[in-house]
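J.: Predicted model and sequence follow; I will ask about them next.
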Protein chains: 2
Amino acid sequence: MTPREQAVAAREASRVLQALDSEARSALLRRMADALDAHRPRILEANAADLAEADGLSEALRARLGLSEGKLETLAAGLRTLADSPDPIGRVLRRTELSPGLELRQETAPLGVLLVIFESRPDAVSQIAGLALRAGNGLLLKGGKEALHSNRALHAVLTEALEPDVPAAVIGLVETREEVADLLALDDVIDLVVPRGSGSLVRHIQENTRIPVLGHAEGICHVYVDAGADLAKAAAIVVDAKCDYPAACNAMETLLLDASLPETSQRALVDVLVEAGVDVLGGPRASETLGLAPAGDLHTEYGELVCAVELVDGATGAIDHVHAHGSGHTEAIVTEDAEAARLFLDRVDAACVFHNASTRFADGFRFGLGAEVGISTARIHARGPVGVDGLLTTRWKLEGAGHTAGAFARGEVAYTHRNLPAGDA
Amino acid sequence: MTPREQAVAAREASRVLQALDSEARSALLRRMADALDAHRPRILEANAADLAEADGLSEALRARLGLSEGKLETLAAGLRTLADSPDPIGRVLRRTELSPGLELRQETAPLGVLLVIFESRPDAVSQIAGLALRAGNGLLLKGGKEALHSNRALHAVLTEALEPDVPAAVIGLVETREEVADLLALDDVIDLVVPRGSGSLVRHIQENTRIPVLGHAEGICHVYVDAGADLAKAAAIVVDAKCDYPAACNAMETLLLDASLPETSQRALVDVLVEAGVDVLGGPRASETLGLAPAGDLHTEYGELVCAVELVDGATGAIDHVHAHGSGHTEAIVTEDAEAARLFLDRVDAACVFHNASTRFADGFRFGLGAEVGISTARIHARGPVGVDGLLTTRWKLEGAGHTAGAFARGEVAYTHRNLPAGDA
């Protein structure tokens, strides 16, 4: 099959999936979970082959690549949880009586065909397949080549469980970069690309397709400590935001200090980072007054235990700095001054804006969205941490009794445009 | 100013606009309305200059180009209605207690900077400026060259009314195609392009930018008359869908007839179109059994009093035909059979799916959305008729009391993820 044939087959199979009712779609997910249970030896054997070939990998990458009885049990449980979750399709977002007997509903609907590109973790095959199918979508999956045998085994086990109700083609496995390049050209068949991986992967995808991309190339997050901050809270938040998981996109890269904070407070916040093992660099103002080694470009994602510090003039100065140097991901203010907090929350133009909380909370699980599709810094479609809602679109359904627009134009009937309570379809 | 400088200036001015509260933003719209009232002679004089230069234009285009005291009064009233409408910014879509004292809100927020390209009607300057500003956005406007003097006068009058509160640059006027080409490359500054015009304009824009485009290049809408249809309703809907305004994107292009309808019923529906002045062509099956002149490609937007007719096998055949030949705009079924209606409404993959109602209802005003931004056939961000919601994005706001992710990881605090009632901020 060519990439186009594979994508079209996924679209057609997704329409078979969409024709099933919610209970039947849930039953498919339970069958997928059962298949993971039943075929553990086959999957673990494939995974062992990947691990055997993975000589050059670091210990951390080997741990991500490796599957186990426990991991497979967790994956099956995840599919069963999704099967039990409320149907995301057909939720009524808006209901309006246009005129007596003419009722309009806006309902959630499957997005269509997704192309998801992920790196070494083969667990993603099951997690992404579950999410995509729960929302009625077709899926094309491209994993890392180091997990080739594992991905193939998981894909085979999961798609065998779908048949005969839904064609296996509803989840296509893509194995080469050339196929991905071909798929990225298919903006007439593929509706959304979700790259899950490094900033350079995301940037490469964004620059090479017209298909909308859900993701973020960078996470340059700031914590601004205002003159009105409680310094104990500030110290805890700053250390958490930088050190909890420095490689995460929601980790702090630059600490902004209100220039009107006493110099002892400014030094105390720098010291707490240094004590936590952070290499602290200074922006132009901070390197001068606090004697820090100069940071380079303040638009830098360090991704490790390094951060920049800079002085700004109050919340307004912080907002300007964030707009000039941030990536629109997550920005936080620490203050007890309600006015400064409101200013920051209202004016900062970013996916997530926090007050007295660590930037590390910017995450689908922590936000209570359930499974996370990704974090988007785009302003279109979905912004910030995205759950299953990012895999949906809407449809307008209108039900009448022979209504014509001409009758309204001639004044025989009139629009009422009465809002009706929304809720389940 | 270069196009980039103009776009950046609109972004910066939009942040000044966003810093105003709802009442202050409403007051700006009222000042714009007052300015339209006060400067009618200036605007009408500019419009007269455009009309004087518009020798070659058809009568219909001259009517679209012409302004009048009455049209200007309507535009001012439109701005005042928008000023009185509820604030679209800061609506709380979702509220969750992540843990005691840690509350998350998802709120609507301005999208950013819009580029709107429209054709001859200068009225659009005021309508689009009102919508964009009500939603806190910066705007770049490109009108047709035949309305150059009118657009300049309207733009000057409206932006003069904004100062000194908001820089005039919040609405930039773009006058040449070269500038538009430059702007389409600025995907780092411009957030959405809205082309309002012909399919070829929309297609040209879509093919020449990475910025998301809100619009539709084609409207190939079908009406399917099921064996279970009430023929009187079918006749009324079919004539309305084709003849009410044949140039509209929501007009019917192809009539699908259930092959199991009696041939007399099939002929009656063709006859009612012929009597209404429609040139009726036949697809492969219909041209054979009903003796119609053969239609060409069934993926054709006639846009005039011409339509194709084709026979299909029941609702399932209609759905397959629509998926093969439609443009994802608006599709309608006429039937009294609840099962066939449900099948069609649930399975047809289009922005709008109607039952016993004319396709002509697919329209923002008729849907009760207020002012219409456009009709989108994309699946991302906004689908179908789009009101002011299409000019918004969301932001996540989190308010805590010094919360750190580490404390949750260490088990000192637990997530509650309790849904709270949403509503106004």
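T.: That came through fine. Numbers count the residues shown, from 1 in each chain, chains lettered A, B, ... in the order given.

J.: tell me which parts of the stretch 251-400 of chain A are close to chain B?
T.: Contact residues, the stretch 251-400 of chain A versus chain B (CB under 8 Å from any CB of the partner chain): A:323, A:334, A:341, A:345-347, A:349-358, A:360-362, A:366-368, A:379-381, A:383-385, A:393-400. C-beta coordinates here come from the backbone N, C-alpha and C atoms, glycine included.

J.: do that again at 7 Å, thanks
T.: Residues of the stretch 251-400 of chain A lying near chain B by CB under 7 Å from any CB of the partner chain: A:345, A:347, A:351-358, A:360-361, A:366-368, A:379-381, A:383-384, A:393-400.

J.: Please indicate which of the residues you listed are buried?
T.: Buried by 16 or more other CB atoms under 10 Å in any protein chain shown: A:345, A:347, A:351-358, A:360-361, A:366-368, A:379-381, A:383-384, A:393-400, out of these.

J.: Give me the subset of those lying in strands.
T.: Using DSSP state E, the subset of these located in strands is A:352-357, A:384, A:393-400.

J.: Out of these, which two sit at the greatest distance?
T.: Longest distance between any two of those is 51.9 Å, between A:356 and A:400; criterion CB to CB.

J.: per-residue confidence for the residue most central in space within chain A?
T.: Among the residues of chain A, the one closest to the centroid is residue A:374, at 1.3 Å (CA atoms, centre = their mean). Note on residue A:374: pLDDT of 87.

J.: cool, residue A:216 as well?
T.: pLDDT at residue A:216 comes out at 87.

J.: Residue A:57 now?
T.: If you check residue A:57, the pLDDT there is 82.

J.: so who does it touch?
T.: By CB atoms under 7 Å, 6 or more residues apart in numbering or on different chains, the contact set of residue A:57 is A:65, A:146.

J.: give me that answer again for 6 Å
T.: Contacts for residue A:57 (CB atoms under 6 Å, 6 or more residues apart in numbering or on different chains) come out as none.

J.: Which residues of the stretch 101-250 of chain A lie near chain B?
T.: Proximity of the stretch 101-250 of chain A to chain B, by CB under 6 Å from any CB of the partner chain, involves residues A:104, A:111-112, A:191, A:212, A:233, A:236, A:240, A:244.

J.: Take those residues and write them to JSON lines, including pLDDT.
T.: Formatted as JSON lines, those follow (pLDDT from 0 to 100):
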{"residue": "A:104", "pLDDT": "97"}
{"residue": "A:111", "pLDDT": "96"}
{"residue": "A:112", "pLDDT": "96"}
{"residue": "A:191", "pLDDT": "95"}
{"residue": "A:212", "pLDDT": "91"}
{"residue": "A:233", "pLDDT": "98"}
{"residue": "A:236", "pLDDT": "98"}
{"residue": "A:240", "pLDDT": "98"}
{"residue": "A:244", "pLDDT": "96"}
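
J.: Of the residues you listed, select the buried ones using a ChimeraX command.
T.: Only the buried entries of these go into this ChimeraX selection, using 16+ other CB under 10 Å:
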select /A:104,111,112,191,212,233,236,240,244
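
J.: Tell me the one of the residues of the stretch 101-250 of chain A next to chain B nearest residue A:13?
T.: residue A:112 (11.8 Å).

J.: Assess the claim that that closest one and residue A:191 are in contact.
T.: Yes. If you go by CB atoms under 6 Å, residue A:112 and residue A:191 touch, sitting 3.7 Å apart.

J.: mind checking how far stretch A:144-154 is from the chain centre?
T.: 23 Å (CA atoms, centre = their mean, to the nearest Å).

J.: before we move on, what about stretch A:215-233?
T.: Offset of stretch A:215-233 from its chain centre (CA atoms, centre = their mean): 21 Å.

J.: Show me which positions of it end up buried.
T.: Residues of stretch A:215-233 classed as buried by neighbour count (16+ other CB under 10 Å): A:215-231, A:233.

J.: Residue B:115 versus the nearest residue to residue A:319 once chain neighbours are set aside, what's the distance?
T.: Leaving aside its sequence neighbours, residue A:319 sits nearest to residue A:347 (CB to CB, 6 or more residues apart in numbering or on different chains; 5.1 Å). Residue A:347 is 23 Å from residue B:115, where distance means CB to CB, to the nearest Å.

J.: and if you look at residue A:149?
T.: When distance is defined by CB to CB, residue A:149 is 48 Å away from residue B:115.

J.: Likewise for residue A:139?
T.: Using CB to CB, residue A:139 is found at 33 Å from residue B:115.

J.: Looking at those two, which one has more neighbours?
T.: Per other CB atoms under 10 Å in any protein chain shown, whichever of residue A:139 and residue B:115 has more neighbours is residue B:115, with 29 against 24.

J.: Could you look up the next helix or strand downstream of the strand or helix carrying that one?
T.: According to DSSP states H and E, residue B:115 maps onto strand B:113-118. Sequence order places helix B:123-134 as the next helix or strand after strand B:113-118, per DSSP H and E.
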